[in-house]
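J.: Attaching a predicted model along with its sequence, questions to come.
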Amino acid sequence: MSLSSPPLPVPPSALNRLSSKGSYANDDSPISNNTSTEASPQISPRVEPAPVPAKQQQTLLSVAFNQDHGCFSCGTQTGFRIYNCDPFKETFRREFDGAGISIVEMLFRCNILALVGGGKSPRYSPNKVMIWDDHQSRCIGELSFRSEVRAVRLRRDRIVVVLELKIYVYNFADLKLLHQIETLSNTKGICALSPTPKTCVLACPGQRKGEVRVELYSMKKTRFVQAHDSSLACLSLSLDGALLATASNKGTLVRIFNTADGTKLQELRRGAERAEIYSLAFHPNLRWLAVSSAKGTVHVFTLKPTTEEARSEAIANASSEPVSSPGGINDDGLRGSSSSLLSSSSANAGSSLAFMKGVLPKYFSSEWSFAQFRVPEETRAIVAFGTQKNTIVIVCANGSYYRCSFDGKNGGEMLQLEYERYMKPEEAEEETVSI
């Protein structure tokens, strides 16, 4: 079975170089036998897997959304699977005779994917990125490194490979190395790449704790944003790269920045207690931000309008019939004020003591979430906005899938619309899954 969209043409320049062997000399660079700064693709010899016990053969290794959040991919101990988000369904799967794939990075819905081997018996070396053409059912190129690949990001003209201490940016057409970025230790592979064709923005950890480096490739500029005092835990870019959302390893605050000038636009509070932030996702029209964390609650925050579409929606909500709002609830179980303290019915909740801003601690002037959903199971989860209006999709590391809706005017508790299992319970061992 293959993807439903037409094949993405692979440039002849990439195919012609399949037999060449490029490399690099330094420890974190692609391996090479010459001094060229380009990494050449090549067909990788298969890493022969050792026999894998039946239970381990189906274990989930990773789960991730594609660029527009319309699909999500899973790496397993025996291959990979692709699922459609709404309506939920398995699109296809590839099994590799007990050989594992730890990273599956989609390129929207086309036939080209980036694969990295992993698990008990890796299909490919964890130090290599394999460019897989599903229409041909084979790898058409590879990038080799001297250390483990932590993450891969794709757009139609770029391949970004994240190592622990370095990030490499390649031209997709010929796999020519375009840029190298040094970072702080980045074992989580934290990196975001805007997917829209008009602008190319990359965000990653800088070389200082809590710093985000923003590469504005279309503008040929680099910005450094001191987002947090503690280390970064998660970051996300809007589709056009105009907005950046960040969270630190404390996980109490999420901050929104303008990537063009690095200014902070908004500060959102998840709670007062520490918690790991698993994912941040912008709504396509920049009206909302969804957040998932170790507290088990998925939050939706209202963003200050930065686009015409978002402004129109905000005006429509504000001019609607006033309705009593239940207010927001943070992860500490504290309820925010009703909408009487807010400028519109669709704004984030705030403390009833917010009028004492500057006198009381910063906590009391925080913006709390507008809508919430508590995942019934204790599991890690990633979140994205659904294709239908005011819906979110939650994909969990234990193999669960949820689709929920929220009231775009009043917020409050979300309504669960759908629950599915994309992996059987015995196939999703929490401690092995990367999200």
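T.: Received the coordinates, thanks.
J.: mind listing what the closest residue to G118 other than its chain neighbours touches?
T.: In this structure, G118 finds its nearest non-sequential neighbour in S102, 2.2 Å apart by C-beta to C-beta, 6 or more residues apart in numbering. In short, each C-beta sits where N, CA and C put it, glycine included. Each residue near S102 by C-beta atoms under 8 Å, 6 or more residues apart in numbering is listed here: 61-62, 75, 116-119, 122, 126, 434.
J.: Tell me where the model's unsure across this protein.
T.: When residues are selected by pLDDT under 70, those of the chain lie in 1-58, 306-365, 426-432.
J.: how's it carved up into domains?
T.: As given by automatic domain parsing, the domain ranges for the chain are 1-154, 270-435.
J.: all strands for the stretch 251-400 of the chain, in order.
T.: 253-258, 264-269, 277-282, 288-293, 297-302, 349-350, 367-368, 371-374, 381-385, 391-396, 400-405 (DSSP state E, counting those that start in this stretch).
J.: cool, and the stretch 1-150 of the chain?
T.: 60-65, 71-76, 79-84, 89-95, 101-106, 112-117, 128-133, 138-144.
J.: now those in JSON lines, with distance to L244?
T.: Listed next are those as JSON lines, based on distance: least, C-beta to C-beta, whole Å:
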{"stretch": "strand 60-65", "distance to L244": "18"}
{"stretch": "strand 71-76", "distance to L244": "23"}
{"stretch": "strand 79-84", "distance to L244": "28"}
{"stretch": "strand 89-95", "distance to L244": "31"}
{"stretch": "strand 101-106", "distance to L244": "20"}
{"stretch": "strand 112-117", "distance to L244": "23"}
{"stretch": "strand 128-133", "distance to L244": "25"}
{"stretch": "strand 138-144", "distance to L244": "26"}
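J.: between those, which gets nearest to K304?
T.: Shortest distance between K304 and the strands of the stretch 1-150 of the chain, using C-beta to C-beta, is found for strand 60-65: 24.7 Å.
J.: So for the closest one, what gets flagged as buried?
T.: Buried residues in strand 60-65, defined by neighbour count with 16 or more other C-beta atoms under 10 Å: 60-65.
J.: ok, now stretch 127-146?
T.: 127-134, 139-145.
J.: K424: which of the residues you listed is nearest?
T.: Among the buried residues of stretch 127-146, and counting by C-beta to C-beta, the member closest to K424 is D134, at 24.1 Å.
J.: Tell me how far that closest one lies from I140.
T.: 11 Å (C-beta to C-beta, to the nearest Å).
J.: For this protein, which segments count as helices?
T.: 12-15, 54-57, 308-318 (DSSP state H).
J.: closest to S279 among the buried residues of stretch 127-146?
T.: V129 (22.3 Å).
J.: Residues in a beta bridge with that closest one, which ones?
T.: Judged by DSSP bridges, the bridge partners of V129 are L143.
J.: which ones are touching it?
T.: 114-116, 142-143, 145, 149, 152, 159, 161.
J.: and what of K389?
T.: Counted by C-beta under 8 Å, 6+ apart, K389 has contacts G408.
J.: do that again at 10 Å, thanks
T.: 405, 408 (C-beta atoms under 10 Å, 6 or more residues apart in numbering).
J.: before we move on, what about the one 4 residues further on?
T.: The neighbourhood of V393, defined by C-beta under 10 Å, 6+ apart, consists of 65, 69-70, 72, 85-86, 88, 281, 290, 382-387, 401-404, 418.
J.: And for S248?
T.: 209-210, 227-234, 254-255, 274, 277.
J.: And the residues you listed, which is closest to N285?
T.: Proximity of the contacts of S248 to N285 (C-beta to C-beta) peaks at V254, which lies at 18.6 Å.
J.: burial count for the nearest residue to that closest one once chain neighbours are set aside?
T.: Nearest non-adjacent residue to V254, counting by C-beta to C-beta, 6+ apart: L268, 4.5 Å away. Neighbours of L268 under the rule other C-beta atoms under 10 Å: 22.
J.: was I right about P197 contacting G241?
T.: No - contact criterion C-beta atoms under 10 Å: P197 and G241 do not qualify, at 11.3 Å.
J.: more neighbours, the two?
T.: Counted by other C-beta under 10 Å, P197 and G241 do not tie: G241 has more neighbours, with 25 against 9.
J.: What's the separation between the more buried one and T259?
T.: When distance is defined by C-beta to C-beta, G241 is 6 Å away from T259.
J.: list the residues that contact both of these two?
T.: Joint contacts of G241 and T259 (C-beta under 10 Å, 6+ apart) are 194, 199, 201-203, 214-216.
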